[in-house]
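Engineer: requesting a structural model of the entry that follows:
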Amino acid sequence: MSPILLPMLLAAQAAIAPPATLGATDQRVDRPIAAPARAPDVADEFDGPRIDLTLWRFDMAQNKTGWFNHEKQYYGPANARIRDGALVIEARAERATAPDSGGQAYTSAKLVSRRAFGYGFYEIRARLPCGRGTWPAIWLLPSSGRWPAAGEIDVMEMVGWDPNVVHATVHSAAYNHVKGTQRGAQVTVPTACTAYHRYQLDWRRDAILIGVDGRAYMRVANDRPGGAAAWPFTRPYQLILNLAIGGDWGGVKGVDDAALPQRMAVDYVRFWARR
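Structural biologist: Alright, predicted model coming up:
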């Protein structure tokens with residue numbers, strides 16, 4: 001998710017005012033995408049009594065100073081739980097009062113995988129929130145390096161004021177939303193907020209393919225000049241699940257407090273390493 005960066009990626013983004021949209025529509029495809037037939041190499045089915053903290057950590061690093069792109073949430077573990085075999089991330093209209101808060105008027109949660117993943121197939125089955133001002137995301141970043149040079153892969157983003165329109169985007173030094181050169185595509189998923197869907201990433205050396213429910217709608221190829229500036233996607237990244245509130249994209253039309261709380265539910269996360 002372009003607006004929320006890991007602490008190691010702060011410097012390049014802090015002074016940037018991004019455009020109203022972080023999505024892109026220039027890499028549209030329509031082709032099959034499928035998970036391998038074998039069992040996944042890593043999976044979290046969220047069928048235990050609580051979040052497995054050997055697999056996930058909570059990112060709270062920017063709570064005091066505020067998150068990027070003028071987002072309005074405080075992130076904390078109280079807003080994430082396991083319920084009925086799914087991870088639930090809940091955004092609430094409530095004043096954050098924890099010692100590490102910046103006085104935010106909203107609370108939510110952001111989970112980061114402890115393991116970094118690389119080339120392979122990713123499948124995250126999720127149901128999204130649709131309230132105005134919500135900004136759910138499933139995305140990947142490396143654990144070190146500056147943004148955008150280190151790269152970013154957005155498997156799924158959706159802003160609540162434009163419900164059911166799902167975005168896939170990739171960012172690099174040469175191709176990013178600050179320059180207006182970001183590469184990606186979007187697709188309408190009519191039941192994104194009422195049903196679970198499989199958000200899928202096939203990450204290979206030569207291309208990144210992103211789709212929903214077995215149909216890829218974005219393909220970005222490693223075919224542009226510029227070396228790492230065009231294609232930094234050559235090392236493992238960590239997977240991130242979060243639900244932001246407001247911000248320069250999610251908050252373009254304000255936040256509907258009456259629609260809160262809103263929840264992103266994740267049925268499972270599965271990863272098949274490229275062999």
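
Engineer: can we go C-alpha only for contacts and neighbour counts from here?
Structural biologist: OK.

Engineer: residues in contact with residue 63?
Structural biologist: Shown in contact with residue 63 (Cα atoms under 8 Å, 6 or more residues apart in numbering): 74, 75, 100, 101, 102.

Engineer: who does the helix or strand encompassing residue 31 touch, helix- and strand-wise?
Structural biologist: Per DSSP states H and E: residue 31 is located in strand 28-32. Strand 28-32 sits against strand 183-188, strand 215-221, with contacts defined as 3 or more Cα pairs under 8 Å, 6 or more residues apart in numbering; DSSP states H and E.

Engineer: other residues contacting the lengthiest strand in the chain?
Structural biologist: In the chain, assigned by DSSP state E, the strand with the most residues is strand 262-273. Residues from elsewhere that reach strand 262-273, judged by Cα under 8 Å, 6+ apart: 35-36, 39-46, 85-92, 118-131, 134, 136, 196, 243.

Engineer: list the buried residues of it.
Structural biologist: Using 16 or more other Cα atoms under 10 Å as the test for burial, strand 262-273 gives 262, 263, 264, 265, 266, 267, 268, 269, 270, 271, 272.

Engineer: using TSV, please lay out these together with pLDDT and distance to residue 145.
Structural biologist: TSV is the format used below for the buried residues of strand 262-273 (pLDDT from 0 to 100; distance: Cα to Cα, whole Å):
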residue	pLDDT	distance to residue 145
262	98	33
263	98	31
264	98	29
265	98	30
266	99	28
267	98	31
268	98	29
269	98	25
270	98	26
271	98	24
272	98	25
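
Engineer: any idea what the closest residue to residue 116 other than its chain neighbours is bridged to?
Structural biologist: Leaving aside its sequence neighbours, residue 116 sits nearest to residue 238 (Cα to Cα, 6 or more residues apart in numbering; 4.3 Å). Counting by DSSP bridges, residue 238 forms beta bridges with residue 116, residue 141.

Engineer: give me the below-cutoff pLDDT ranges for this protein.
Structural biologist: 1-20 (pLDDT under 70).

Engineer: could I get the full set of helices for it?
Structural biologist: Using DSSP state H, the helices of the chain run over 10-13.

Engineer: which residue packs closest to residue 163, ignoring adjacent ones?
Structural biologist: Per Cα to Cα, 6+ apart, closest to residue 163 is residue 130, 5.6 Å.

Engineer: surely the one you found touches residue 166?
Structural biologist: No. With contact defined as Cα atoms under 8 Å, residue 130 does not count as touching residue 166 (11.3 Å).

Engineer: for the spatially closest residue to residue 115 that is not a sequence neighbour, the count of nearby residues, please.
Structural biologist: Distance criterion Cα to Cα, 6+ apart; nearest residue to residue 115, sequence neighbours excluded, is residue 238 at 6.3 Å. The number of residues packed near residue 238 is 16, by other Cα atoms under 10 Å.

Engineer: all strands of the stretch 151-275 of the chain, in order?
Structural biologist: 152-157, 165-171, 183-188, 197-203, 207-212, 215-221, 237-245, 262-273 (DSSP state E, counting those that start in this stretch).

Engineer: do you know which of these lies nearest residue 26?
Structural biologist: Taking Cα to Cα, strand 183-188 is the member of the strands of the stretch 151-275 of the chain nearest to residue 26, at 5.9 Å.

Engineer: now do the buried residues in the closest one.
Structural biologist: Buried, per 16+ other Cα under 10 Å, within strand 183-188: 183, 184, 185, 186, 187.

Engineer: let's have these in TSV, adding distance to residue 254.
Structural biologist: Below are these laid out as TSV (distance: Cα to Cα, whole Å):
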residue	distance to residue 254
183	26
184	25
185	24
186	22
187	23
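
Engineer: isn't residue 27 up against residue 182?
Structural biologist: No. Residue 27 is beyond contact range of residue 182, at 9.8 Å (criterion: Cα under 8 Å).
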